[in-house]
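Visitor: need the 3D shape of this:
(one chain, ligands or ions: 1)
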Amino acid sequence: MQIYIDGDFYPESEAKVSVFDHGLLYGDGVFEGIRFYKGRVFRLEEHISRLYKSASAIHLKIPLERKTLTAALLETIRRNELRDGYIRLVVTRGKGNLGLSPEHCPKPTVIIIAAKITLYPEESYQKGLKVVTCATRRIAHGALSPMVKSLNYLNNIMAKIEATHAGAGEGLMLNEQGLVSECTGDNIFIVSEGIIRTPPISSGALAGVTRAVAIQIADELGIEVSESEMTRYDIYTAEECFLTGTAAEIIPAVELDRRPIGDGKPGPVTRRLMERFHELTESEGTTIF
Ligand code: PMP
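Guide: Purely as a prediction, here's the structure:
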């Protein structure tokens, strides 16, 4: 495996950053997870845009122009001779001292890792995921904008542990008001009375790239999409539920807190969206080779 760090490539055993990097010391940085399919990177522009926005929101200047960063990302995939996989793009505040202040971190660290991806098992796509509500809340707007895809994932990790301990595939996260926000690493949608609904970003969800693709597909198929505040009641009583994320793609959710959603099986709207999603991943994207 060849890993990009600040302009050079290193084998995995030599790909290291300083213990004084504020990404490690404080979770001070931003990241993206990006997929490529059959030699093409899916929604690359959208991911790069979100990365630059996340960085600018935390007052972090990415030391590369967009074009240069994109070229480095494509070169990382080429060097690893992969046609299908996942990219982790990380920009940290860089090496500083033990103090909090970023003023002692002159140069952000840029890391690009290209890897194969392990999805949920195929069975989860066929039968659907079980989801439980987690006690850990999604980060509040007043603490740090949930729009920022930062290296601070601790509350999502706490929620993921809760979900795993409960034997569920994903954990539902609510915001401080108790409204549905998203899952630990995926956005959430329901189908109810013929309409697709998803919580608005203002409920504390990350503006998922796959979320936007699901909305685009629904528009194409002529299905109305409503971004409206939602409580768990809406999910308990929905006909269908599905989750979206770069790693998960579109995956059915068939149970929340032990209550079956609809008839407890992946529904027709979810299946139609999954099918169209796969068509898109195989027919568009930025060419790598
Ligand atoms: N919410 C959270 C908290 C995430 O970390 C992610 C990405 N894994 C998503 C939603 C889905 O976003 P995307 O579709 O851009 O991967």
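Visitor: pLDDT weak spots in the stretch 1-150 of the chain?
Guide: Regions of the stretch 1-150 of the chain meeting the criterion pLDDT under 70 are absent.
Visitor: distance of the residue of it found nearest the ligand relative to L221?
Guide: At 5.4 Å from the ligand, G33 is the closest residue in the stretch 1-150 of the chain, using C-beta to the nearest ligand atom. The C-beta positions use only the backbone N, C-alpha and C, and glycine is treated the same way. As judged by C-beta to C-beta, to the nearest Å, G33 and L221 stand 26 Å apart.
Visitor: look at the two and report which has more neighbours.
Guide: G33 (17 against 12; other C-beta atoms under 10 Å).
Visitor: look up phi and psi at the more buried one.
Guide: Backbone torsions of G33, given as degrees, to the nearest 10, read phi -120, psi 130.
Visitor: who's in contact with it?
Guide: H47, Y86, I87, R88, L89, T246, A247 (C-beta atoms under 8 Å, 6 or more residues apart in numbering).
Visitor: that one pairs with what?
Guide: Beta-bridge partners of G33, counted by DSSP bridges, are R88.
Visitor: can you tell me how far it is from R83?
Guide: As judged by C-beta to C-beta, G33 and R83 stand 18 Å apart.
Visitor: also T244?
Guide: Distance, T244 to R83, by C-beta to C-beta: 23 Å.
Visitor: these two - which one has more neighbours?
Guide: Using other C-beta under 10 Å as the criterion, T244 and R83 rank with T244 on top: 25 against 12.
Visitor: quick check on that one: phi, psi?
Guide: Torsion angles, degrees, to the nearest 10, at T244: phi -130, psi 140.
Visitor: could you check how far it is from the ligand?
Guide: 6 Å (C-beta to the nearest ligand atom, to the nearest Å).
Visitor: spatially nearest residue to that residue, not counting backbone neighbours?
Guide: T210 (4.0 Å; C-beta to C-beta, 6 or more residues apart in numbering).
Visitor: quick one, phi/psi of the closest residue to F20 other than its chain neighbours?
Guide: Excluding the flanking residues, the one nearest F20 by C-beta to C-beta, 6+ apart is K95, at 4.9 Å. As for K95, its main-chain torsions (degrees, to the nearest 10) stand at phi -80, psi 130.
Visitor: residues near K95, how many?
Guide: The burial count for K95: 20, using other C-beta under 10 Å.
Visitor: tell me how far it lies from D6.
Guide: 10 Å.
Visitor: same question for T184.
Guide: Distance of T184 to D6, computed by C-beta to C-beta: 30 Å.
Visitor: comparing those two, which residue is more hemmed in?
Guide: Each of T184 and D6 has its neighbours counted (other C-beta under 10 Å); T184 has more, 24 against 14.
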